[in-house]
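Enquirer: Here is my input; please provide its structure:
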Amino acid sequence: MSAAARRHRRRCGLAAALAATGLAVAAAGVARAADTPSPTLPAAYRDRPPEDEVVYFVLPDRFANGDPTNDRGGLAGDRLVTGFDPTSEKFYNGGDLKGLMAHLDYIQGLGATTIWLGPVFKNRPVQGPPGGESAGYHGYWITDFTQVDPHFGTNDDFRALVNAVHARGMKLYMDIVANHTADVIRYRECPTGPCRYRSKGDFPYTRKGGVGGMRINDGFLGDDDAHQTTENFARLTRDDYAYTPFIPPGDEHAKAPDWLNDPHWYHNRGESTYTGESATYGDFAGLDDLFTEQPRVIAGFIDIYGRWIDDFGIDGYRIDTAKHVNTGFWRQFIPAMLSRARAKGIPNFHIFGEVYDPDTAFLASFTRTAGYPAVLDFGFQSTVAAVVAQGGPTERLAHLFASDADYAGGADEARRLPTFLGNHDMGRFAMMVRKANPAAPDSEVLARVRLAHAMMFFLRGQPVIYYGDEQGFAGVGGDNAARQSLFASRVSAYNATPLVGTASTTAADNYNPQHPLYRAFSEMARLRRDDPALRRGDQVVRISEDGPGLFAVSRHPPSQGARPAAETVVVFNTATTLRTARIEVDIPEAPWRSEHGTCAPAVAAPGSYSITVPPLDYIICTTAKPK
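Expert: Presented below is the predicted three-dimensional model:
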C-alpha cells in the first residue's frame with residue numbers, strides 16, 4: 001500500500017469515527033443537536049461576576065447592516081473619501097449599531113451573556129499612502145473620542161443598543177484605545193513619512209540649551225514615574241522633541257476633545273520597531289503616539305472614558321494595545337474607571353487589556369505592575385492552538401495552568417481572564433486548523449474547532465466567541481482576511497473561502513441557528529450556565545500526556561470548604577482514536593451522571609473513576625444534582 005493510500009485510509013477511519021459521534025458532515029447538516037437556545041444566567045446582570053459571562057466579540061461594520069443610509073458616514077465622494085466599499089475587505093462594508101440591535105435574539109440564542117463591541121468612536125475614514133489606502137472600519141483610528149462614528153450610527157443609537165442589551169439581562173463591553181489616535185501629525189524632517197524611530201539616548205528631551213553643547217540640568221527631568229508631575233512636564237519645551245511635529249493645514253481641529261490637536265501631548269519619535277523603548281514611545285503603524293506619561297493626558301483620558309460610563313452605563317472595557325503604554329498611566333486610569341463604575345452602580349465592571357504575547361509571565365506582570373484586573377489570555381490561545389490544531393502534547397495545557405499562580409490574584413484572578421481561540425488580528429481558529437492539517441476532511445476540521453471551543457468553555461476563564469466562528473467562518477489569514485461579514489458579502493476573497501460544517505458561503509446571510517457550531521456553542525453555554533463548577537469552580541489537572549491524547553480536570557463548585565461536596569470532571573481527547581483511562585477523583589462513593597457524553601454511573605474503586613472518550617471529543621461527568 002502506498003503512503004498516500006495509507007494516509008487516505010487513516011483519514012477515512014477517522015471520518016467514520018467522527019461520524020459515530022455525530023460530527024460527520026452530511027447533506028442535511030451535521031452535529032448533535034443542542035437544547036433550545038439558553039437564556040442568560042438568572043442573576044441580575046449587574047450582580048454577575050466576570051467569570052459568569054460568555055462573551056461575543058463583534059466588529060459592528062461586519063455584523064449586520066440595519067441602516068444603509070449611513071454606509072458612507074454622511075460623506076460624499078468615492079471610497080477614498082467615504083471609506084465605503086462593500087467589495088473590499090479593507091473598507092467599510094456597511095454594518096452598524098441598528099443592525100446589531102436587530103439581531104440580539106441571534107446573539108443571546110447562542111448563549112452569549114455579554115457583547116464585546118469593537119471600537120465605535122469616530123475614525124479617520126481613510127488612511128495610508130497613495131495606492132495603499134484603507135478605511136477605519138475596524139475602529140482603531142480614532143479622531144473623536146466623544147462621538148460614535150457616523151458609519152455606525154449616532155450616540156443615541158449606541159444608547160438604544162446598551163439599553164436593549166441590558167433589558168435582556170446581558171452586558172456590553174466597549175473596546176477602547178489610549179495608546180494612540182488617528183494619523184494626523186507630521187514631522188518637518190520627513191513630512192511625507194514614515195520617519196525612523198529616534199531613541200531617547202540619541203535624542204534626549206533636554207538635548208538643547210547649555211554652554212558648549214552641554215545640556216543644562218534645570219530643564220525636563222525625565223518621564224519616569226518619579227517625575228510624572230505637572231511641574232516637571234511644564235519644563236519640556238516644544239523644541240525638545242526628537243522630530244519637529246506639525247499639523248497639516250485643514251486638520252487643525254481634526255480631533256476631539258480639542259486638546260488632542262496639540263502635538264505637545266504626543267511622543268513625536270517616529271515609527272515604532274515594536275522592540276525596546278520604541279514599543280512604548282514609537283508611533284504604532286504610523287498612528288500618533290500619545291505622551292501617556294503626561295498628567296494632562298492621563299486626566300484627559302480619565303475624563304473621556306469616565307463619561308462613557310457615566311452617560312451610557314456600560315459594563316466593561318477591553319483596552320487595545322495595552323503593552324504599548326507606560327504602566328504608570330494604567331495605575332491611575334484603571335482605579336479611576338472602577339471608581340466611576342461603582343459610583344454608577346456597576347460593581348462588576350470588567351477591565352481587561354490586550355497584551356499581545358503568549359508568555360504567561362509577561363501577561364501576568366500586567367496584573368502586578370500595571371494593576372490590570374485581567375488581560376486577554378494569549379497564553380491560552382497559543383497553547384490550545386498547539387494542542388488541538390497542531391496535535392501537540394496535552395501536557396502543554398498543564399504547564400499553562402501551573403502558571404496561574406503568577407497572576408496578582410492567583411487562580412481566582414485567572415478565572416476572570418478572557419480566553420479566546422482566534423480574533424480579528426491573528427485570524428480564526430478554523431484557519432489555523434486547516435493550515436496545520438491540510439489533508440483533513442471537513443468533518444475533522446469541524447471536530448477540532450468544536451473540541452477547542454469546549455476547552456474554552458469548560459476550562460478556567462471567561463470564554464470569548466469571535467463573531468462568525470459559530471457559522472464556520474475560516475478565512476485564509478489574519479487582519480482583514482479574518483473579518484468577514486455575517487450579512488451577505490460582496491468581497492470575492494471572502495466568498496471564495498469554504499466555510500466549516502456547511503455548504504453555505506459568505507455570499508449569503510449567515511445567521512443560521514442550525515449551523516452545527518452554533519448549536520454546539522449554544523449547548524456549551526447552557527452546560528456552563530447550569531453548572532457553577534464550570535464557571536467559578538477551582539480546577540485540578542488530573543491527566544495530561546506527552547502527545548495527543550487525554551487532558552482531564554476536576555472542577556468543584558465554589559465555597560464548599562475543605563472537603564468538596566460535589567465534583568465535575570471534564571475530559572478532552574485530542575487524539576484521533578478512542579481513549580480510555582482511570583482518573584483520580586475526590587468524591588469516593590457518590591453516584592455520577594453525564595452532563596455531556598457517556599459517563600460511568602459510579603467509581604471503579606474508591607477515588608478512581610473510569611472514562612472513555614471518543615476521538616476529538618469530550619465528556620463532562622458530575623456528582624452534582626441536575627438543575
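Enquirer: Dihedrals phi and psi, Leu550?
Expert: The phi/psi pair for Leu550 (degrees, to the nearest 10) reads phi -90, psi 140.
Enquirer: Look at the residue nearest to it when sequence neighbours are not counted and say how many residues are nearby.
Expert: Nearest non-adjacent residue to Leu550, counting by CB to CB, 6 or more residues apart in numbering: Ile543, 4.9 Å away. Heads up, the C-betas are built off the backbone N, CA and C, glycines and all. Neighbourhood size, Ile543 [other CB atoms under 10 Å]: 21.
Enquirer: same thing with the one 4 residues further on?
Expert: Look at Gly547: counted by other CB under 10 Å, it has 11 neighbours.
Enquirer: ditto for Arg563
Expert: Number of residues near Arg563 (other CB under 10 Å) recorded here: 8.
Enquirer: Report the secondary structure state of it.
Expert: Counting by DSSP: H, G, I helix; E, B strand; the rest coil, the backbone at Arg563 sits in coil.
Enquirer: Ignoring the adjacent residues along the chain, who's closest to it?
Expert: In this structure, Arg563 finds its nearest non-sequential neighbour in Asp586, 8.0 Å apart by CB to CB, 6+ apart.
Enquirer: Okay, helices next: where are they in the stretch 1-150 of the chain?
Expert: Per DSSP state H, counting those that start in this stretch, the stretch 1-150 of the chain carries helices over the ranges 3-20, 79-82, 97-101, 104-109.
Enquirer: tell me what the shortest one is packed against?
Expert: What it means is helix 79-82. strand 126-127 (3 or more CB pairs under 8 Å, 6 or more residues apart in numbering; DSSP states H and E).
Enquirer: could you check the distance from the residue nearest to Leu550 over to Thr367?
Expert: Separation of Ile543 from Thr367 (CB to CB, to the nearest Å): 29 Å.
Enquirer: check contacts around the residue nearest to Leu550.
Expert: Contact analysis of Ile543 by CB atoms under 8 Å, 6 or more residues apart in numbering lists 394, 550-552, 571, 581, 583.
Enquirer: Of the residues you listed, which belong to strands?
Expert: 550-552, 571, 581, 583 (DSSP state E).
Enquirer: Show me which of the contacts of Ile543 are buried.
Expert: 394, 550-552, 571, 581, 583 (16 or more other CB atoms under 10 Å).
Enquirer: Nearest to Leu459, out of these: which one, please.
Expert: When these are ranked by distance to Leu459 (CB to CB), Phe551 comes first, at 8.9 Å.
Enquirer: The stretch 401-550 of the chain: helices as residue ranges?
Expert: Under DSSP H, counting those that start in this stretch, the stretch 401-550 of the chain gives helices at 410-414, 429-436, 442-458, 492-495, 516-530, 532-536.
Enquirer: So which of those is the most surrounded?
Expert: Most buried of the helices of the stretch 401-550 of the chain, by mean neighbour count (mean count of other CB atoms under 10 Å): helix 442-458, with a mean of 25.
Enquirer: ok, now how distant is Asn261 from Asn155?
Expert: 21 Å.
Enquirer: Those two: which is more packed in?
Expert: Set Asn261 next to Asn155 and count neighbours by other CB under 10 Å: Asn261 wins out with 18 against 15.
Enquirer: Who are the contact partners of the residue nearest to that one when sequence neighbours are not counted?
Expert: Once flanking residues are discounted, Asn261 sits nearest to Lys255: 5.1 Å by CB to CB, 6+ apart. Residues near Lys255 by CB under 8 Å, 6+ apart: 143-144, 181-182, 184, 261.
Enquirer: Spell out which two among the contacts of Ile543 are the most distant pair, please.
Expert: Thr394 and Ile583 (13.2 Å).
Enquirer: sec struct for Phe152, please.
Expert: Once three-state DSSP is applied, Phe152 turns out coil.
Enquirer: What residues sit buried inside stretch 537-551?
Expert: Buried residues in stretch 537-551 (16+ other CB under 10 Å): 537-545, 548-551.
Enquirer: What is the least confident helix or strand in this protein?
Expert: Of all helical and strand segments in the chain, the minimum by mean pLDDT, DSSP states H and E falls on helix 3-20, at a mean of 45.
Enquirer: if we can go back for a sec, ok, the residue nearest to Arg563 touching Arg555?
Expert: No: Asp586 lies out of contact with Arg555 (CB atoms under 8 Å); the separation is 10.7 Å.
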